[in-house]
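K.L.:
Turn this into a structure:
(2 chains)
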Amino acid sequence: MTAAAQTLFDKIWQRHVVATDPGGRALLYIDRHLLHDGSFHAFAQLRDTGRSVRRPHLAFATADHYVPTVNRPGVPMEERFRSKIDGLAENTGLHKIVHFPLGDARRGIVHVVGPEQGITLPGVTLVCGDSHTSTHGALGALAFGIGASEVGHVLATQTLWQKRPRQMRIEVSGRLGAGITAKDLILAIIAKIGAGAGAGHAFEYSGEAIRALGIEGRLTLCNMSIEAGARCGIVAPDDATFTYLVGKPLAPQGEAWDRALQFWRTLNSDPGAPFDREVTLDARTVEPMVTWGTSPQDAAPISASVPDPGAAGSAERRTSMAHALEYMGLAPGTALNAVKVDRVFIGSCTNSRIDDLRAAAALVKGRRAVVPAFVSPGSGLVKQAAEAEGLDRVFLAAGFEWRDSGCSMCVGMNGDSGKPGERIASTSNRNFEGRQGKDVRTHLMSPVMAVAAAVTGKLTDFRKLS
Amino acid sequence: MEPFKTLSATAVAMDHSNIDTDRIVPARFLHNPRSAGYGKFLFHDVRFDAEGREIADFVLNQELTRDARILVAAENFGCGSSREAAVWALAGYGMRTVIASSFGDIFFENSFKNGLLTVILPEADLARLRDAVHARPGAKVAVDLVKQTVTGPDGVDYRFDIDAFKKECLLSGQDEIGLTLAREADIVAFEQRQRIEMPWLY
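P.N.:
Reported below is the predicted structural model:
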């Protein structure tokens, strides 16, 4: 008799169950814990309860949420940001946790740093007090975002109580068209299934298009699983994953690598493994996408028009859509490629890696931004790599600002935000009301689409640039 | 954590789906320590205008519903960011229960750790409950965690399911970390086993 077919998710989950409670919840062991400058609430909780960190060397910290992206010599950082960044240095020092401090090239957005440093590995459980922790599933890790109380729980116990989620497989056949990216694909997926469809589910992405994405594209894809409501999204590791990990500073080396690799090669869903829901999509149908509303599900191909709430299926949906369009200042029927933008942002844990910057720079070369635009690389190392290739000079020559790394304009809490009423073409992950500043209107898109918006001043199909 | 058993209190209804945690508490307030009191930040940008004055037609600014302790929402409430401050803002304002047809997973987990009961009702029941609350502004809704029921202002009872462990934590107000630390022997045994099976993680 053969063992029952298992999903990749279940294979990792089962290896991490420490105990179960009578209600069926599992106490999961956590292999890797990422911390950032917003984690101070959890450290405060730890201090107030007099608890200590159980295994400090499994935690890794980097400041990102509060770090300004414009840092000029001699100009002191604002106290409200400085205090959070100093607080992280203090807390990690106190608890002997590895910290990439300000000024260290390894510092950057926590979801860029984890894979880059080899902290993220196939088959591990990884958590962070940030919803975009789903990113790390791109390397075959079981990775999910948690709240401050759970961060405190992991620091104190190295475990978490979790209910096993239902599982959804998203199979993407065919190949994406030229210049169509993982960002367009994930926006198309969320538009298809809805922003709440993933609640209570773990996603596994599979199929030819996913295999062809490369690791950075998979990171973008898994990053936005949370925008479909799923806490985690995972891609089975393959040769591309292993090649990516070779030589990463904290990845296993030598004999340990060989042994790890042997295990990593078993990490895939068995044929016939049961999923609670299966969704399929043909990559060849995916066009460059932009959002028009205030939820990532409000996404449409750039060739489309702003939809009419009157045509929505339910009363609730009609109300929500009308409200979103009022906030966005858009009239139903307006061609999306006629919508003017005031500002462009390229960055965030979704789209700030070297491949993103290369693609954006290749398109911007020889063109000129007609609205204010800036680039914030995902980490100090991404910035260095881009500068070594001369990408900074390409952006600067086109009128873009070239800034430091941080969460920046993805989350209006570090000084980077738009002004009320401004419309921003953004490579970030959330177009929620107020996300980029009070009354700011966000349109999500890929880096090349953001470049097209920057050089034309309106939402534009990058393929139509002359 | 304040225990939760039963509650009969003013309810408000919000019809929009996908009310995200940025709307519940904008990111720019998150630098405050929890002790600053997050209740004043709840729904800040739809509750107050640019000068900090109350926006009159927002439901929590109306006299009959200002003291609401129960929020009846729609689908996917609390989606988005993992910020626990969204729960602190609701609890800080005085909310003890949010009822929706689904929740953002992280928000849902965060709620229980702060004594905020999140109740899931099927969409049809929820729509009926919202209508009943809209029809009688300021009316009370009753929540009984022991019996797992919600009673609308029209007297209609709705039964809800809840994880037994969470129910116990809410009823007793106990701290989850304390319970987990009692599993120390299990955690040590796991670590010893994993160190042999996956030495590259150590």
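K.L.:
Report the contact partners of the residue nearest to residue A:441 when sequence neighbours are not counted.
P.N.:
Nearest non-adjacent residue to residue A:441, counting by Cβ to Cβ, 6 or more residues apart in numbering or on different chains: residue A:423, 4.5 Å away. C-beta here means a position set from N, CA and C on the backbone, and glycine is covered the same way. By Cβ atoms under 8 Å, 6 or more residues apart in numbering or on different chains, the contact set of residue A:423 is A:329, A:339-343, A:440-441, A:443.
K.L.:
which one among these gets closest to chain B?
P.N.:
Closest to chain B out of the contacts of residue A:423 is residue A:440 (10.8 Å), distances taken as Cβ to the nearest Cβ.
K.L.:
coming back round to it: mind giving me the PyMOL select for the contacts of residue A:423, buried ones only?
P.N.:
Command for PyMOL that selects the buried part of these, burial taken from 16 or more other Cβ atoms under 10 Å in any protein chain shown:
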select buried, chain A and resi 339+341+342+343+440+441+443
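K.L.:
possible to save the contacts of residue A:423 as TSV with secondary structure, pLDDT and distance to residue A:410?
P.N.:
Shown next, in TSV, are the contacts of residue A:423 (DSSP: H, G, I helix; E, B strand; the rest coil; pLDDT from 0 to 100; distance: Cβ to Cβ, whole Å):
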residue	secondary structure	pLDDT	distance to residue A:410
A:329	coil	98	21
A:339	coil	98	21
A:340	strand	98	22
A:341	coil	98	16
A:342	coil	98	17
A:343	strand	98	14
A:440	coil	97	12
A:441	strand	98	15
A:443	strand	98	13
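K.L.:
CSV please, covering the contacts of residue A:423 and showing distance to residue A:287.
P.N.:
Below are these laid out as CSV (distance: Cβ to Cβ, whole Å):
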residue, distance to residue A:287
A:329, 24
A:339, 16
A:340, 21
A:341, 19
A:342, 24
A:343, 24
A:440, 26
A:441, 22
A:443, 15
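K.L.:
Can you tell me which of the contacts of residue A:423 is nearest residue B:36?
P.N.:
Relative to residue B:36, the closest of the contacts of residue A:423 is residue A:440; by Cβ to Cβ it sits at 24.6 Å.
K.L.:
Please give me every residue in contact with the residue nearest to residue B:186 when sequence neighbours are not counted.
P.N.:
Excluding the flanking residues, the one nearest residue B:186 by Cβ to Cβ, 6+ apart is residue A:19, at 4.5 Å. Neighbouring residues of residue A:19 by Cβ under 8 Å, 6+ apart: A:26-27, B:183, B:186.
K.L.:
With residue A:27 instead?
P.N.:
Neighbours of residue A:27 in contact, by Cβ under 8 Å, 6+ apart: A:17-21, A:159-161, B:180, B:183, B:186-187.
K.L.:
Can you tell me the SS state at it?
P.N.:
At residue A:27, secondary structure determined by DSSP: H, G, I helix; E, B strand; the rest coil is strand.
K.L.:
Quickly list what it is bridged to.
P.N.:
residue A:19, residue A:161 (DSSP bridges).
K.L.:
Run through the neighbouring helices and strands of the least confident helix or strand in chain B by mean pLDDT.
P.N.:
Sorting the helices and strands of chain B by mean pLDDT, DSSP states H and E puts helix B:176-181 at the bottom, at a mean of 86. The contact analysis (3 or more Cβ pairs under 8 Å, 6 or more residues apart in numbering or on different chains; DSSP states H and E) places helix B:176-181 against helix A:148-157, strand A:159-162.
K.L.:
now with 10 Å?
P.N.:
Applying 3 or more Cβ pairs under 10 Å, 6 or more residues apart in numbering or on different chains; DSSP states H and E, we find helix B:176-181 packed against helix A:40-49, helix A:148-157, strand A:159-162, helix B:164-172, helix B:184-197.
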